[in-house]
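J.: Next come a sequence and a model predicted from it.
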There are 2 protein chains.
Amino acid sequence: MPRVIKHPDIRRQELLDIAARSFAEHGYDSTTVDDVIRQAGLSKGAFYYYYPSKQALLEGLATAAATRALEALQPVMNASGLGAVDRLNAFLRQGRQTHDAAATLAVFESIFRPDNVVLYHRMHAAVMAVMLPPLTEILAQGVAEGSIRSNDPRTTAELVLMLGTMTHDVVGRLLGAKPQEWAAAIAAFEHRLVEQGIAVDRILGLPDGTVAFVEPGFAEAMFASRRP
Amino acid sequence: MPRVIKHPDIRRQELLDIAARSFAEHGYDSTTVDDVIRQAGLSKGAFYYYYPSKQALLEGLATAAATRALEALQPVMNASGLGAVDRLNAFLRQGRQTHDAAATLAVFESIFRPDNVVLYHRMHAAVMAVMLPPLTEILAQGVAEGSIRSNDPRTTAELVLMLGTMTHDVVGRLLGAKPQEWAAAIAAFEHRLVEQGIAVDRILGLPDGTVAFVEPGFAEAMFASRRP
């Protein structure tokens, strides 16, 4: 059977689109690689050339989402005369926006199940790889300006991104919450983000409350579609 | 065949001892659950009653090592008149001692392989569960004394322990280093620990360099048996 030859980048994007749709509709766990292959009209060999596993598809989606978030941030990153702390807050705000759509949540939800912890860490690593260079740049600018304290902006950037894994357990509990547990689970998630923001402030030598990891109502809005 | 009935705690300890010996001699990956069962003279059913998997054995070893470290720390934890910062440094020093024997390293080495990342996080969670209550207590003492800044000692303790995962990648690179990469890998590991210590100092409102995650020569000594 003759197969359509497409540019690898186009094919890769097509497979990610199919995977995103399937994960959102049926969940990550219920989607099989065969489902994706069938919808793409590809041979198994061709599929595995692009993505060696279902995990790799999810990782690809995470990288794509992080890359899109970063592209949306370019005007702020390139704006002249903007201080490092303002850039940092814009950077973190963008990170929140990527995550707040119900569709994104549906795609990524199953990574918060305890037996999928390896997926979670692979995805976190994929997002970190995209976010590390621009965050390093922001911190280096802050050091040059004298607004941020760091001996080594790259290691500090890694530490700051690593703290993001702190929310894994509270998000997991939130997604499994019963109706009567919901308010407490939302409060626990917000509290965790506030403490994470303060930890980042202190690591960077900024006054408590400078870095905003969370705004009032953010947690409710982000998880509105999962409210039991 | 009549089987010896032993107290569950004794049986559990016996299985951990066999597992520790096998992991150290043959490596975690080359040891099978059947090896452990055969050496213990147990039925499969009895084994799985105690430990549902090989991963659970490794987790049990991590919990046991953390518990022993904590017991060794009791004199310091109970000493009257000792300040929170001194207690904190004793706590961290004890954490390092658990890890520096070649035997411990042999048991836990394979968790640093990229395909064993889930094992690493399970072990880290097991150690965190043991370490969280005493660290929370130390931080609460510091807040009461006015020597440590924290709005919520328990969450801060979790953040501090979470930063421990920062060394995963540098340790992984160190264990896979070729002879000509060794010095750089050791330096990268030490640098990471220094930055991690400074991050903890700042989170706790202490001057940089107060908390010692590493001493000169520590990395070389810890990994002496792995030097290629």
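T.: It's in. All values derive from a computational prediction rather than experimental measurement.
J.: roughly how far apart are residue A:36 and chain B?
T.: 23 Å (CB to the nearest CB, to the nearest Å). All C-beta spots, glycine's among them, are computed from the backbone N, C-alpha and C.
J.: Next, count neighbours for that residue.
T.: Here the count is done by other CB atoms under 10 Å in any protein chain shown, and residue A:36 has 21 residues near it.
J.: can you check the one 10 residues further on too?
T.: If you count neighbours by other CB under 10 Å, residue A:46 ends up with 14.
J.: So which elements touch the helix or strand bottoming out on mean pLDDT in chain A?
T.: Across the helices and strands of chain A, mean confidence by mean pLDDT, DSSP states H and E is lowest for helix A:102-108: a mean of 70. Taking 3 or more CB pairs under 8 Å, 6 or more residues apart in numbering or on different chains; DSSP states H and E as the contact definition, the neighbouring helices and strands of helix A:102-108 are helix A:8-26, helix A:54-72.
J.: Quick check: which of the ones you listed is nearest to chain B?
T.: In terms of CB to the nearest CB, the element of the helices and strands packed on helix A:102-108 nearest to chain B is helix A:54-72, at 11.5 Å.
J.: What are the contacting residues of the helix or strand containing residue A:186?
T.: Using DSSP states H and E, the secondary-structure element containing residue A:186 is helix A:182-203. Helix A:182-203 is contacted by residues A:156, A:159-160, A:163-164, A:166-167, A:170-171, A:173-174, A:177, A:206-214, A:218-220, A:223, A:227-228, B:149, B:151-152, B:155-156, B:159, B:199, B:202-203, B:205 when judged by CB atoms under 8 Å, 6 or more residues apart in numbering or on different chains.
J.: Put the alpha carbons of whichever helix or strand comes after that helix into PDB.
T.: Sequence order places helix A:218-222 as the next helix or strand after helix A:182-203, per DSSP H and E. Extracted as PDB, the C-alpha positions of helix A:218-222 are listed here (Å, rounded to 0.1, in the frame of the first residue of the first chain):
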ATOM      1  CA  PHE A 218      -6.400  30.200  40.900                       C
ATOM      2  CA  ALA A 219      -6.700  26.700  42.300                       C
ATOM      3  CA  GLU A 220     -10.500  26.700  42.100                       C
ATOM      4  CA  ALA A 221     -10.300  28.000  38.500                       C
ATOM      5  CA  MET A 222      -7.600  25.500  37.400                       C
END
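J.: quick one: buried residues of helix A:218-222?
T.: By neighbour count, with 16 or more other CB atoms under 10 Å in any protein chain shown as the criterion, the buried positions of helix A:218-222 are A:218-219, A:222.
J.: Now do the spatially closest residue to residue A:24 that is not a sequence neighbour against chain B, distance only.
T.: Once flanking residues are discounted, residue A:24 sits nearest to residue A:106: 4.2 Å by CB to CB, 6 or more residues apart in numbering or on different chains. Separation of residue A:106 from chain B (CB to the nearest CB) stands at 24 Å.
J.: ok, now how distant is residue A:106 from residue A:223?
T.: For residue A:106, the distance to residue A:223 under the criterion CB to CB, to the nearest Å works out to 12 Å.
J.: got a list of contacts for the least confident helix or strand of chain A?
T.: Outside helix A:102-108, the residues within contact range by CB under 8 Å, 6+ apart are A:20, A:23-24, A:27-28, A:58, A:61-62, A:65, A:98-99, A:123, A:222-226.
J.: hang on, the earlier thing: just the buried subset of the contacts of helix A:182-203, please.
T.: The neighbour-count test (16+ other CB under 10 Å) applied to these identifies A:156, A:159-160, A:163-164, A:166-167, A:170-171, A:174, A:177, A:206, A:210-214, A:218-219, A:223, B:149, B:152, B:155-156, B:159, B:199, B:202-203, B:205 as buried.
J.: quick one on the thing from earlier: close to chain B as well: tell me which of the buried residues of helix A:218-222 qualify.
T.: On the criterion CB under 8 Å from any CB of the partner chain, none of the entries of these sits beside chain B.
J.: And the residues you listed, which is closest to residue B:76?
T.: Distances from the buried residues of helix A:218-222 to residue B:76 were compared by CB to CB; the smallest belongs to residue A:219, at 39.3 Å.
J.: list the contacts for the closest one?
T.: Residues counted as contacts of residue A:219 (CB under 8 Å, 6+ apart) are A:174, A:186, A:189-190, A:193.
J.: how far off helix B:117-145 does the longest helix along chain A point, in degrees?
T.: Determined from DSSP state H, the single longest helix within chain A is helix A:117-145. An angle of 50 degrees separates the directions of helix A:117-145 and helix B:117-145 when computed by axes from the mean of the first three to the mean of the last three CA atoms, to 10 degrees.
J.: who does helix A:117-145 touch, helix- and strand-wise?
T.: Using 3+ CB pairs under 8 Å, 6+ apart, the elements in contact with helix A:117-145 are helix A:54-72, helix A:84-99, helix A:153-162, helix B:117-145.
J.: How many residues are close by residue A:69?
T.: Number of residues near residue A:69 (other CB under 10 Å) recorded here: 19.
J.: Just confirm it contacts residue A:94, I think it does.
T.: Yes. Residue A:69 sits in contact with residue A:94 when judged by CB atoms under 8 Å, with a separation of 5.1 Å.
J.: how's chain A carved up into domains?
T.: By the record's domain assignment, chain A is partitioned as A:1-52, A:58-226 (automatic domain parsing).
J.: Highest mean neighbour count out of those?
T.: Among the domains of chain A, ranked by average contacts under mean count of other CB atoms under 10 Å in any protein chain shown, first place goes to domain A:58-226 (a mean of 18).
J.: That one spans what distance, first to last residue?
T.: Length of domain A:58-226, first residue to last, CA to CA, to the nearest Å: 20 Å.
J.: And for stretch A:32-47?
T.: With CA to CA applied, stretch A:32-47 spans 13 Å between its terminal residues.
J.: what does chain A put close to chain B?
T.: In this structure, chain A approaches chain B at residues A:117-118, A:121-122, A:149, A:151-152, A:155-156, A:158-159, A:162-163, A:165-166, A:191-192, A:195-196, A:198-199, A:202-203, A:205, judged by CB under 8 Å from any CB.
J.: please redo it, this time with the cut-off set to 7 Å
T.: Among all residues of chain A, those adjacent to chain B (criterion: CB under 7 Å from any CB of the partner chain) are A:117-118, A:121, A:151-152, A:155-156, A:158-159, A:162-163, A:165-166, A:192, A:195, A:199, A:202-203, A:205.
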